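# could you work out the structure for the sequence below:
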Amino acid sequence: QPHARTFKMEMDVVLSRLCGGRAISAVGAGRTDAGVHAHGQGVGVRVPPSWTADRLRRAMNSLLPRDIWVAAAHEMHPDFHPRRSATARRYGYLVGTDEGAWSPFRRRYEWGVRHPLDAQVLAEEAASLMGEHTFRAFAVAHTAPVDDHHRCVIHHAAWVPRDGGWVFEVAANRFLHHMVRFLVGTMIDVAQGRRPRGTIARLLVAPDNRETAAPAPAHGLSLHQVTYPVTCYAPSNAPTR
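Below you'll find the model as predicted:
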């Protein structure tokens, strides 16, 4: 995005400063839609060997703008790639159902809905996502390569109640463009009675997204975690889980 402030741009500027002006490129695990938050984005960088992972983390946090923070840093094997090495990603989508969802403290991070949601319907629709399916109905058309099969393996999908609303938790081996937002928008429609029960299961075999609800707003979605095999980490620097 040449005319917009980006996470990558801010990271590259700080890394270059710390590495004596050398051009250092931060490589992310993937892109998020504009307005989506990231609590656990995976990023890979190659820096001079004088930097240890922890020293680099602390130095970056002292220079990065206040809306970016390095939570943890690890030394990785040379063949590690932040996107291709990932085995799973986990997202959360916040939906608010009380009046406080429109407060300035919450409205940046959750979607406020004004009509009641049927808890049983939410659970049923989410359960139908489990396993491997084709998600053409839940992706923006023509954004994937023409030979992409649009198949994803869902490891976890559940609506979890919380104070003031719900969080939709979903983890999979991969996600398509707008996929979580299409899923949330459609499930909210079903839970409010605007679409029949079983809509998610029916759309999982649809050839396109013409019958899918509009995607939920971007600001309610957060990338929570990118998972890598332990073999990607240098032996002395693997994370504790």
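# quick check: mean pLDDT of stretch 103-112?
The average pLDDT for stretch 103-112 rounds to 95.
# end-to-end on that stretch?
Chord length of stretch 103-112, first to last residue, is 10 Å (C-alpha to C-alpha, to the nearest Å).
# before we move on, what about stretch 79-99?
Using C-alpha to C-alpha, the span of stretch 79-99 from its first residue to its last is 49 Å.
# same check on stretch 172-179?
Stretch 172-179 end-to-end distance (C-alpha to C-alpha) = 11 Å.
# for that stretch, which outside residues touch it?
33, 87-89, 91, 135, 138-140, 143-144, 150, 152-155, 215 (C-beta atoms under 8 Å, 6 or more residues apart in numbering). Any C-beta I mention is one placed from the backbone N, CA and C, and that applies to glycine too.
# ok, which stretches of this structure are helices?
Per DSSP state H, the chain carries helices over the ranges 7-18, 53-63, 119-127, 179-191, 199-203.
# winner for burial among the ones you listed?
helix 179-191 (a mean of 24; mean count of other C-beta atoms under 10 Å).
# quick one: that helix to helix 119-127, angle?
Interaxial angle, helix 179-191 versus helix 119-127 (axes from the mean of the first three to the mean of the last three C-alpha atoms, to 10 degrees): 150 degrees.
# for helix 179-191, what is the average pLDDT?
Rounded mean pLDDT across helix 179-191 is 97.
# and if you look at stretch 201-211?
94.
# before we move on, what about stretch 37-54?
For stretch 37-54, the mean per-residue pLDDT is 93.
# stretch 143-159 too?
On average, stretch 143-159 scores 87.
# quick one: end-to-end distance for that stretch.
Distance between the two ends of stretch 143-159: 28 Å, counting by C-alpha to C-alpha.
# just stretch 109-126 next, same as before
Terminal residues of stretch 109-126 lie 21 Å apart, using C-alpha to C-alpha.
# contacts for that stretch?
37, 93-97, 101-102, 106, 157-159, 161, 165-166, 168, 184, 186-188, 190-193, 197-200, 216-217, 219-220, 222.
# now do 6 Å
Residues from elsewhere that reach stretch 109-126, judged by C-beta atoms under 6 Å, 6 or more residues apart in numbering: 94-96, 101-102, 157-159, 187, 190-192, 200, 216-217, 220.
# cool, and stretch 205-217?
Residues from elsewhere that reach stretch 205-217 (C-beta under 6 Å, 6+ apart): 111, 136-137, 178, 181-182, 184-186, 189, 203.
# what helices or strands is the longest strand along the chain leaning on?
Longest strand in the chain by number of residues (criterion: DSSP state E): strand 151-162. With contacts taken as 3 or more C-beta pairs under 6 Å, 6 or more residues apart in numbering; DSSP states H and E, strand 151-162 sits against helix 119-127, strand 165-172.
# among the ones you listed, which comes closest to Met60?
Among the helices and strands packed on strand 151-162, the nearest to Met60 by C-beta to C-beta is strand 165-172 (27.4 Å).
# quick one, the closest one and helix 179-191 angle?
Using the same axes, to 10 degrees: strand 165-172 against helix 179-191 is 130 degrees.
# quick one: mean pLDDT over strand 165-172.
Taken as a whole, strand 165-172 has an average pLDDT of 97.
# between strand 151-162 and that strand, find me the angle.
Here strand 165-172 runs at an angle of 160 degrees relative to strand 151-162 (the same axes, to 10 degrees).
# one step back: can I get the helices and strands packed on strand 151-162 in CSV including distance to Glu75?
Below are those laid out as CSV (distance: least, C-beta to C-beta, whole Å):
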stretch, distance to Glu75
helix 119-127, 38
strand 165-172, 26
